[in-house]
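Novice: quick one: sequence and predicted model below, then my questions.
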Amino acid sequence: MKEECLICKAPLEYLGTDILMECEICHKNENSKTRCVNGHYVCNNCHTQGLDSIIGLCMKDTSKNPIAIIEKMMAMPFCHMHGPEHHVMVGSALLTAYKNAGGDIDLNSALIEMMNRGKSVPGGACGFWGACGAGISSGMFISIISKSTPLANEPFALSHKMTAESLAKIGEIGGPRCCKRDSFLSILAAVDFVKDYFGVEMERPEVLCHFSAQNNQCIGKRCPFSKANH
């Protein structure tokens, strides 16, 4: 089993309130509820170092399958079992598959926008905000392809509906969190949503998880992607 602290591999602990902590890598001081049991803290920026490499991957990818695309991202060195990188990866995989399936977007600029938006959702949002960042990322995806703004009408509604559908799927399974499971759930919900509301058909494969051995909190058969259920 892989432990979770990037410094010492010890388990993480989540605090009830924010405390001021210093990042072990960049030495920036900021408030956070998360550290490892040995007191180490790594900020979101350092945790996602190298995330921008997905833009090059996405620009070259020709697949209409967002699950296959995000699995390529998950295999890249920057990606950990859990972390805020998934808040960018979900929307980026969807944007890429949507473009390849005939969606009318400027993919490069859409990916840059997704990067900027997704990185603003911190790690731990699933537990502390009541809204998983993977689910929010699917809503960001819809917001980008529909050109939503706070003053928009239908695009405003659609992006909220998308986020709500993803979070409902995540909530049905329950916790503890798994960034891989929640990413897959959000992507599958988005594939169905885009087909219904935008008439663009991305591929919707059967998903089989290959990450359970890396997840100390794996829920086993309760996960719809568990090998035990296939």
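Specialist: Good, I have the coordinates. Computed from a predicted model, the values in this text were never measured in an experiment. Numbers count the residues shown, from 1 in each chain.
Novice: please save the CA atoms from the helix or strand hosting residue 158 in CSV.
Specialist: Using DSSP states H and E, the element containing residue 158 is helix 154-173. Extracted C-alpha coordinates of helix 154-173, given in CSV (Å, rounded to 0.1, in the frame of the first residue of the first chain):
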residue,chain,number,x,y,z
GLU,A,154,-29.2,28.2,-20.2
PRO,A,155,-25.4,27.7,-19.9
PHE,A,156,-25.6,28.7,-16.3
ALA,A,157,-28.3,26.2,-15.7
LEU,A,158,-26.6,23.4,-17.6
SER,A,159,-23.3,23.7,-15.7
HIS,A,160,-25.0,23.6,-12.4
LYS,A,161,-27.1,20.5,-13.5
MET,A,162,-23.9,18.8,-14.6
THR,A,163,-22.1,19.4,-11.3
ALA,A,164,-25.2,18.3,-9.4
GLU,A,165,-25.5,15.0,-11.4
SER,A,166,-21.8,14.2,-10.8
LEU,A,167,-22.0,15.0,-7.1
ALA,A,168,-25.2,12.9,-6.8
LYS,A,169,-23.3,9.9,-8.2
ILE,A,170,-20.4,10.5,-5.8
GLY,A,171,-22.8,10.9,-2.9
GLU,A,172,-24.6,7.6,-3.7
ILE,A,173,-21.4,5.7,-3.2
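Novice: and the closest residue to residue 100 other than its chain neighbours, what does it touch?
Specialist: Nearest residue to residue 100, sequence neighbours excluded (Cβ to Cβ, 6 or more residues apart in numbering): residue 64, at 4.9 Å. For glycine as for every other residue, the C-beta is placed from the backbone atoms N, C-alpha and C. Taking Cβ atoms under 8 Å, 6 or more residues apart in numbering, we find residue 64 in contact with 97, 100-101, 201-203.
Novice: ok, which pair from those residues is furthest apart?
Specialist: 100 and 201 (11.1 Å; Cβ to Cβ).
Novice: now do the end-to-end distance for stretch 68-83.
Specialist: 19 Å (Cα to Cα, to the nearest Å).
Novice: so the most centrally placed residue in the chain versus residue 161, what's the distance?
Specialist: The centroid of the chain falls nearest to residue 86 when counting by Cα atoms, centre = their mean (2.8 Å). Per Cβ to Cβ, to the nearest Å, residue 86 is found 21 Å from residue 161.
Novice: now do residue 49
Specialist: For residue 49, the distance to residue 161 (Cβ to Cβ) stands at 34 Å.
Novice: against which helices or strands is the helix or strand hosting residue 56 packed?
Specialist: Taking DSSP H and E as the criterion, residue 56 maps to helix 53-60. Counting contacts by 3 or more Cβ pairs under 8 Å, 6 or more residues apart in numbering; DSSP states H and E, helix 53-60 packs against helix 66-74, helix 86-100, helix 107-118.
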